[in-house]
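>>> any chance you can model this:
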Amino acid sequence: MTTTVLVTGVSSYLGAGVARELARRDDVGRVIGVDVMAPRFSLGEAEYLRVDVRNPLLGRVVREARIDTLVHVTGVSTEPSTRSARTSAREATVIGTMQLLGVCQAVPELRHVVLASTGSVYGASPAAAAVVSETSAVDTRARSGHVRDAVEVESYVRAVAQRRPDVGVSVLRFAQVFGRSTRSAMTDYLRAPVVPLPFGFDARVQALAEDDAVAALALAACGDPVGTVNVAAEGVLTLRQVVRIAHRPTMPVLTTTGRALGALTRWAGVSGIEPDHIDFVMYGRCLDLTRMREVLRFTPAATTREAVERFAQQVWGIVPSPYAEAGGSRPIGARPAGVREGGRGADLLDTHGHDADGDDAHDEYMDARFMGDVDTDEAMGADGRLRHGSGPDDHGADDHGADDHGADVPATADDQAVADDHAVADHDVRDSAPRRRSRPSVSRRGGAPTVSTGTIEDESGVLFPTTAEREAQ
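Numbering: from 1, shown residues only. Sure, this is the predicted structure:
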């Protein structure tokens, strides 16, 4: 049973949310939140102590309160968005974590350490696995200081378990956290006036709503140690789908290494984009969630799409699309108003109340013409409509009426006059257009294949060989 919990980083939404959620539980006796900055969000019934994790005063508080569970919410789970924030976060994250764990491991009541980490430790590259699991190697050669800090902090936490075998460790590697109150490189990237997209790349994105991140940390703090667990929402989107859901203006960037993309993002007003994040928007990353479901026994309330839609609605007031698939487009199989079943292509639209099935004969003719079974001049009447009896089926009548021999029967004298005008215009066009005299055919005579000299005559009377004739020669 958890009795006393120490939560760091309560000035952030994640830290304050975890402290507030734990204070509501009956199996938690006391919750102490610490941070050098005053909380911007409600802590509920949790206590607050304004102290830096690097201050020796915190050691005395830990010993007197007999902390048995430590929830360390560092900046590595949300990726600081500015260069100055990264500099201060490195001191508070790396050095502060080392000092904090050194103090906590000396407390005999300590039993559980929970760390909020990030999935960025896996890196992003074209050689990475399609789905990375907790057993995948971390990117120890990361070029970004943020990723290096996350890897280093995780090593400190595991070192505590090695020195104290009775202390369990739970490391939650979050996907991209989306929320109005959470600032990260990804959310600032989408907040740019113009979002630059790497041309030819479409990264896979897994999101996690900030409330689900809080729920996962609270669940891990109250349960047994679970080791390393990937935490992300169900479903995967591409980067372009995320941008379309948020209705953000974009600019394609011609780049193969991503360095030009980083320069353009700084020009667009996003100064915190680091090389590892540039690799992420090019190649993406997909986390395996098996241990999250089976070991942590946690299921996020919002899917990836719902987390992005909620973020877009909270930040820009964008109402989610009623069609939830295919990047906001109409789902496969769904028909808008005025479209009925039974047809295809333009024939599906029945906005004027006409019977679209009346053009089935025309569809059959077009199929036969494509297969080469119908001669165009013989199949079309003077009025430009299909003569029945000349297609693959030698029967039937068109909408204007026709006899069984393929002759057109105009309904009125006006229709006859219109048909004559069409016939004159059609005759002039046929005389001036290039004519195909014959189809090239291949036959075997005396064991050797022969090709008929099918040719095409242009307006000047010059004969040109067909493709089949040139290939045979």
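>>> gap between residue 239 and residue 202?
Distance of residue 239 to residue 202, given as CB to CB, to the nearest Å: 6 Å. The way it works is simple: take the backbone N, C-alpha and C, and place the C-beta from them, glycine included.
>>> typed the wrong thing, it's residue 159
According to CB to CB, residue 159 stands 39 Å off from residue 202.
>>> give me the phi and psi for residue 156.
Residue 156 adopts backbone torsions of phi -60, psi -40, taken as degrees, to the nearest 10.
>>> distance of it from residue 115?
To residue 115, residue 156 is 9 Å away according to CB to CB.
>>> looking at the two, which one has more neighbours?
Taking neighbours as other CB atoms under 10 Å, residue 156 and residue 115 compare with residue 115 leading, 27 against 18.
>>> what helix or strand does that one sit in?
strand 112-118 (DSSP states H and E).
>>> quickly run through the sheet partners of that strand, with directions.
strand 69-73 (parallel), strand 168-174 (parallel) (DSSP bridges).
>>> so who does residue 204 touch?
Contacts for residue 204 (CB atoms under 8 Å, 6 or more residues apart in numbering) come out as 236, 237, 238, 239, 284, 285, 286.
>>> cutoff 10 Å now
Going by CB atoms under 10 Å, 6 or more residues apart in numbering, residue 204 touches 124, 130-131, 236-239, 241, 280, 283-286, 304.
>>> please pick the buried ones from those residues.
124, 236, 237, 239, 241, 280, 283, 284, 285, 286, 304 (16 or more other CB atoms under 10 Å).
>>> which non-adjacent residue is nearest the third one?
Using CB to CB, 6 or more residues apart in numbering and skipping the chain neighbours, the partner closest in space to residue 237 is residue 205 (5.1 Å).
>>> pLDDT score assigned to the one you found?
pLDDT, residue 205: 95.
>>> tally of neighbours for it?
Counted with other CB under 10 Å, residue 205 comes out at 26.
>>> mind checking how far it is from residue 198?
Taking CB to CB, one finds residue 205 at 13 Å from residue 198.
>>> any shared contact partners between those two?
With CB under 10 Å, 6+ apart as the test, residue 205 and residue 198 both reach 239, 281.
>>> residue ranges of the helices in the stretch 201-350 of the chain, please?
For the stretch 201-350 of the chain, the helices defined by DSSP state H, counting those that start in this stretch occupy 210-222, 239-246, 259-267, 275-283, 290-294, 304-316.
>>> looking at the ones you listed, which is nearest to residue 187?
Among the helices of the stretch 201-350 of the chain, the nearest to residue 187 by CB to CB is helix 304-316 (7.2 Å).
>>> neighbours of residue 318, how many?
Close neighbours of residue 318, defined as other CB under 10 Å, add up to 15.
>>> got a list of what the residue nearest to it when sequence neighbours are not counted touches?
In space, and not counting its chain neighbours, residue 318 is closest to residue 312: 4.4 Å by CB to CB, 6+ apart. Contacts were defined as CB under 10 Å, 6+ apart; by that measure residue 312 touches 178, 190, 242, 243, 245, 246, 247, 248, 318, 319, 320.
>>> over to residue 286?
119, 122, 128-132, 175, 203-206, 230, 232, 236.
>>> now the common contact residues for residue 156 and residue 115.
In terms of CB under 10 Å, 6+ apart, residue 156 and residue 115 are both contacted by the residues 72, 97, 101.
>>> neighbour-wise, give me the winner out of the residues you listed.
For those, neighbours tallied by other CB under 10 Å; top is residue 72, 28 neighbours.
>>> bridged to it, which residues?
Beta-bridge partners of residue 72, as defined by DSSP bridges: residue 115.
>>> my read is that it contacts residue 98, right?
No. Applying CB atoms under 10 Å as the test, residue 72 and residue 98 come out as separate, 11.4 Å apart.
>>> which neighbours do these two have in common?
By CB under 10 Å, 6+ apart, the residues touching both residue 72 and residue 98 are 53, 153, 156.
>>> let's have those residues in CSV, adding distance to residue 65.
CSV is the format used below for those (distance: CB to CB, whole Å):
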residue, distance to residue 65
53, 15
153, 23
156, 22
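>>> and of these, the nearest to residue 297?
Residue 297 lies nearest to residue 153 out of these, by CB to CB, at 25.2 Å.
>>> do you know how far the closest one is from residue 231?
With the distance defined as CB to CB, residue 153 ends up 16 Å from residue 231.
>>> next: residue 195.
Distance from residue 195 to residue 231, by CB to CB: 26 Å.
>>> for stretch 174-193, list every residue counted as buried.
174-179, 182-192.
>>> start to end distance for it?
27 Å (CA to CA, to the nearest Å).
>>> any idea of the mean pLDDT in that stretch?
Mean pLDDT, stretch 174-193: 90.
>>> equivalent analysis for stretch 150-167, please.
92.
>>> now residue 184. Its backbone dihedrals?
Phi and psi for residue 184, reported as degrees, to the nearest 10, are phi -150, psi 180.
>>> re earlier: which one of the contacts of residue 312 is nearest residue 225?
Closest to residue 225, out of all of these and judged by CB to CB, is residue 178, at 27.6 Å.
>>> residues in contact with that closest one?
Contacts of residue 178 by CB under 10 Å, 6+ apart are 184, 186-187, 190, 205, 207-210, 212-213, 233, 242, 246, 302, 304, 306-312, 314-315.
>>> ditto for residue 297
Counting by CB under 10 Å, 6+ apart, residue 297 makes contact with 219, 223, 226.
>>> for residue 250, what are its contacts?
192, 194, 195, 196, 197, 239, 240, 243, 244.
>>> roughly how far apart are it and residue 149?
According to CB to CB, residue 250 and residue 149 sit 30 Å apart.
>>> now swap in residue 56 and tell me
Applying CB to CB, the value for residue 56 to residue 149 is 23 Å.
>>> which residue of these two possesses the greater neighbour count?
residue 149 (23 against 10).
>>> the more buried one sits in which helix or strand?
Judged by DSSP H and E, residue 149 forms part of helix 145-163.
>>> now do the buried residues in stretch 127-142.
Within stretch 127-142, the residues scored as buried using 16+ other CB under 10 Å are 128, 132, 134, 136, 138, 139, 142.
>>> would you check that the first one makes contact with residue 203?
Right, the one you point to is residue 128. No. In this structure residue 128 lies outside contact range of residue 203 using CB under 10 Å: 11.3 Å.
>>> shared neighbours of the two, anything?
Shared contacts of residue 128 and residue 203, counting by CB under 10 Å, 6+ apart, come down to 279, 283, 284, 285, 286.
>>> of those, just say which sits nearest to residue 47.
residue 285 (37.5 Å).
>>> quick check, that closest one in contact with residue 207.
No. If you go by CB under 10 Å, residue 285 and residue 207 don't touch, sitting 11.7 Å apart.
>>> overlap in contacts, these two.
175, 176, 232, 236.
>>> any idea how many residues pack against the closest residue to the first one other than its chain neighbours?
The spatial neighbour of residue 175 that comes closest, neighbours along the chain excluded (CB to CB, 6+ apart), is residue 232 at 3.5 Å. If you count neighbours by other CB under 10 Å, residue 232 ends up with 28.
>>> and if you look at residue 62?
Residue 62, neighbours per other CB under 10 Å, totals 22.
>>> quick one: buried residues of the helix or strand containing it?
According to DSSP H and E, residue 62 maps onto helix 57-65. Residues 58, 59, 61, 62, 65 are the ones in helix 57-65 that count as buried (16+ other CB under 10 Å).
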